[in-house]
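>>> coordinates for the following, if possible.
(one chain, ligands or ions: 2)
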Amino acid sequence: MARQKTVRRAEAVVVRNGNGSRDERLALPRSERRLNFGDKWSYAPAPEASDYIKLRSRYPLFINGKFVAPKSGRYFDSINPATEENLAEIAEANAKDVAAAVSSARRAYEKVWRKMPGRERGKYLYRIARLIQEKARELAVLETMDGGKTIKESRDIDLPLVAAHFFYYAGWADKLDYAFPGRRAEPLGVAGQIIPWNFPLLMAAWKLAPALACGNAVVLKPAETTSITALHLAEIFQQAELPDGVVNIVTGAGETGRAIVEHPDVDKIAFTGSTDVGKRILQSVAGTKKKLTLELGGKAANIIFEDAPLDQAVEGIISGIYFNQGHVCCAGSRLLVQEGVFPHVIRKLRDRISTLRVGNPLDKNSDIGAINSRMQLEKICELVDSGLKQGAELVQPRLRLPAKGYWYPPSFFTGVTASHRIAQEEIFGPVLSVMTFRTPEEAVERANNTAYGLSAGVWTDKGSKIFKIVSKLRAGVVWANTYNKFDPTSPFGGYKESGFGREGGLHGLLPYVQLT
Ligand code: NAP
Ligand code: MG
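Numbers count the residues shown, from 1 in each chain. Ligands and ions are numbered 1, 2, ... in the order given. Have a look, this model is predicted:
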């Protein structure tokens, strides 16, 4: 963690390149160098209450409507990445546990769920949505404690969207005939769903709500570092009296996910995670009856044209990469700036990142919380090192990061070329790679110059330019003059190595039905 130490001691906006020398164009004027923007912008702490949160010391598996000890007999620790404290022990499901979950799902599917009229299934989903709303604050605090994301994010973005997804798909449960006019939509059977750690409850909602609305039973595996909220969601399923076995939750690491993927009685796999694991899953299900959707990584470009409202654009860039610690698959991790406004944009960016508050994720004033795990922090540091070695220049504000926990300051690179790893690989941290372009054609070419194609952003005053550019961008979602806006009615998914299949909206029903 050598880099972290350097950062902690830093007291000025640091501009570094591979030789360790400073780029004077980007550095603050000499007179301002000793100013501490952090102090200037600091507020008194405003922590969200967490003393009422009831954590279990051990979280078993959720199979057939009950919490059961794992056959493996093994547990692993889930920690709070902001404090490195152990929060709880989580059951580690082995292949036998997964088999029990799959057969419980199969029974529930055949005996209850597939036979139930859509309007009845819808009632359960509405009930779940309302219970999530009732417990939203508690779930948001748990999400923040277990995953490190700011309470601002979990309370104001994640939880409202989680409830909204259940409400939205509840509405489809009895209207599938209208979703696919003239055709009959039959459920597929048992869906195995594997999700990552960046939006634990939201990813669970994206997967569970459409699957259940269409009449499938589910075996869900949350990510190893963020399993706790999924198990609190299981308590909500119990309270909603969802029939036993319709949703089963098995916790564990990659091996548990692999056991789901390889189980012969699973009809569908829905995976959100890294492109590497996605490719392995694709190989594993090839030649089987299993249907597959993959939501993988991204390296989104935000394109700022000279005619864009620059303050607004910079604010959008900031929220698109720094909030949620850059732990967003569709994060705007590349910034393409038209040459004429490059110096202005860079100066605004530099000033703005100096005002971002990094720290206690439970504090309502924190803009950037903790990096989800030590492993993720190491990945970020390794990629930032590669950027410096390959000749790019790093800008970081002076910040004193908390002594415990995993943190990374908001940072950006200039002098980035398309061949740099930081321009091609997903950093999945609060690090932006800034490049320039001259013409709209060049912007499109640079934006598309990546193996991914999940999302992109365009900032300009001209509506015509937006339409022209958007049709040429090879990305599943393109935001114009805004960024990272989500709604359950809107489909989301990737091109190229960002995966296939769509989640959200009417399109999100398709992966869970057989149309006849
Ligand atoms: P990951 O390592 O691929 O893990 C994703 C999930 O798959 C986790 O539950 C993981 O378990 C499990 N897993 C690991 N190896 C497996 C295997 N061989 N077979 C089956 N399951 C396996 O991804 P991550 O690092 O947690 O998440 C970050 C990635 O997710 C980023 O690349 C990001 O872009 C992507 N993401 C994409 C979207 C989207 O919608 N496109 C949304 C969010 C995130 P453990 O973690 O417990 O080991
Ligand atoms: Mg954790």
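>>> okay, CA-based contacts and neighbour counts for the rest of this
OK.
>>> which residues does residue 124 contact?
By CA atoms under 8 Å, 6 or more residues apart in numbering, the residues touching residue 124 are 170, 240, 241, 242.
>>> please apply the same query to residue 231.
Neighbours of residue 231 in contact, by CA under 8 Å, 6+ apart: 59, 62, 249.
>>> which of these fall in strands?
Per DSSP state E, strands hold the following members of the contacts of residue 231: 59, 62, 249.
>>> can I get the contacts of residue 231 in TSV with pLDDT?
Below are the contacts of residue 231 laid out as TSV (pLDDT from 0 to 100):
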residue	pLDDT
59	98
62	98
249	98
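>>> and of those residues, the nearest to residue 472?
For these, the closest approach to residue 472 (CA to CA) belongs to residue 249, at 40.7 Å.
>>> helix, strand or coil: sort out the residue of the stretch 251-400 of the chain found nearest ligand 2 for me.
Closest residue of the stretch 251-400 of the chain to ligand 2, CA to the ion: residue 372 (7.1 Å). Three-state assignment for residue 372 (DSSP: H, G, I helix; E, B strand; the rest coil): coil.
>>> give me the secondary structure label for the nearest residue to residue 57 once chain neighbours are set aside.
The spatial neighbour of residue 57 that comes closest, neighbours along the chain excluded (CA to CA, 6 or more residues apart in numbering), is residue 88 at 4.8 Å. Under three-state DSSP, the three-state class of residue 88 is strand.
>>> do residue 270 as well
strand.
>>> skipping its backbone neighbours, what lies nearest the closest residue to ligand 2 within the stretch 101-250 of the chain in space?
In the stretch 101-250 of the chain, the residue that lies nearest ligand 2 is residue 146 (3.8 Å; CA to the ion). Spatial nearest neighbour of residue 146, excluding adjacent residues (CA to CA, 6+ apart): residue 80 at 4.9 Å.
>>> quick one, what contacts the one you found?
Taking CA under 8 Å, 6+ apart as the test, what residue 80 contacts is 86, 87, 145, 146, 147, 148.
>>> contacts only, for the closest residue to residue 410 other than its chain neighbours.
Distance criterion CA to CA, 6+ apart; nearest residue to residue 410, sequence neighbours excluded, is residue 430 at 5.1 Å. When contacts are counted by CA under 8 Å, 6+ apart, residue 430 touches 321, 322, 323, 325, 326, 327, 408, 409, 410, 411.
>>> before we move on, back to that, my read: the residue of the stretch 101-250 of the chain closest to ligand 2 touches residue 83, true?
No: using CA atoms under 8 Å, residue 146 is not in contact with residue 83, being 10.2 Å away.
>>> between these two, point out the one with more neighbours.
residue 146 (25 against 16; other CA atoms under 10 Å).
>>> packing partners for the strand or helix carrying that one?
Here residue 146, judged by DSSP states H and E, is contained in helix 136-147. Helices and strands touching helix 136-147, by 3 or more CA pairs under 8 Å, 6 or more residues apart in numbering; DSSP states H and E, are strand 75-80, helix 151-153, helix 159-172, helix 228-239.
>>> which of these sits most buried?
Sort the helices and strands packed on helix 136-147 by mean neighbour count, taking mean count of other CA atoms under 10 Å, and helix 151-153 sits at the top with a mean of 25.
>>> hmm, back to that, would you turn the contacts of residue 231 into TSV with distance to ligand 2 and neighbour count?
As requested, the contacts of residue 231 are exported to TSV (distance: CA to the ion, whole Å; neighbours: other CA atoms under 10 Å):
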residue	distance to ligand 2	neighbour count
59	13	23
62	19	26
249	17	27
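>>> got TSV for these, with distance to residue 221 too?
Conversion of these to TSV gives the following (distance: CA to CA, whole Å):
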residue	distance to residue 221
59	14
62	11
249	6
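>>> could I get the residues you listed as CSV with distance to ligand 1?
Below are the contacts of residue 231 laid out as CSV (distance: CA to the nearest ligand atom, whole Å):
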residue, distance to ligand 1
59, 15
62, 16
249, 12
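>>> these two touch, right, residue 413 and residue 434?
Yes: counting by CA under 8 Å, residue 434 is a contact partner of residue 413 at 5.8 Å.
>>> closest residue of the stretch 1-150 of the chain to ligand 1?
Here the residue of the stretch 1-150 of the chain nearest ligand 1 is residue 92; by CA to the nearest ligand atom that distance is 9.7 Å.
>>> ok, and the closest non-adjacent residue to that residue?
Nearest non-adjacent residue to residue 92 (CA to CA, 6+ apart): residue 252, at 4.3 Å.
>>> likewise residue 509?
Nearest to residue 509 is residue 210, by CA to CA, 6+ apart, at 5.7 Å.
>>> I figured that neighbour hits residue 507, correct?
No: contact criterion CA under 8 Å: residue 210 and residue 507 do not qualify, at 9.9 Å.
>>> quick check on these two: which one has the bigger neighbour count.
Using other CA under 10 Å as the criterion, residue 210 and residue 507 rank with residue 210 on top: 30 against 17.
>>> what strand or helix carries the more buried one?
helix 200-213.
>>> for residue 187, give me its contacts.
Contacts of residue 187 (CA under 8 Å, 6+ apart): 114, 214, 215, 216, 512, 513, 514.
>>> any chance you could map the helices in the stretch 251-400 of the chain?
254-262, 275-285, 310-321, 342-353, 374-389 (DSSP state H, counting those that start in this stretch).
>>> can you lay out these as TSV showing mean pLDDT, distance to ligand 1 and mean neighbour count?
Below are the helices of the stretch 251-400 of the chain laid out as TSV (pLDDT from 0 to 100; distance: least, CA to the nearest ligand atom, whole Å; neighbours: other CA atoms under 10 Å):
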stretch	mean pLDDT	distance to ligand 1	mean neighbour count
helix 254-262	98	3	20
helix 275-285	97	5	15
helix 310-321	97	13	20
helix 342-353	96	23	17
helix 374-389	97	8	18
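>>> what's the closest of those to residue 400?
Across these, closest to residue 400 is helix 342-353 (CA to CA), at 13.8 Å.
>>> isn't residue 107 right up against residue 247?
No: between residue 107 and residue 247 there is no contact under CA under 8 Å: 11.3 Å.
>>> more neighbours: which of those two?
residue 247 (29 against 18).
>>> next up, identify which helix or strand the closest residue to that one other than its chain neighbours is on.
Spatial nearest neighbour of residue 247, chain neighbours left out: residue 218 (4.8 Å); criterion: CA to CA, 6+ apart. For residue 218, the element it lies in under DSSP H and E is strand 217-221.
>>> that strand pairs with which strands?
strand 190-194 (parallel), strand 247-249 (parallel) (DSSP bridges).
>>> can you list contacts of the shortest one?
When contacts are defined by CA under 8 Å, 6+ apart, strand 247-249 is touched by residues 61-65, 101, 104-105, 217-222, 230-231, 234.
>>> what does this protein have sitting close to ligand 2?
With the criterion set to CA under 5 Å from the ion, the chain comes near ligand 2 through 78, 79, 80, 146, 147, 225, 226.
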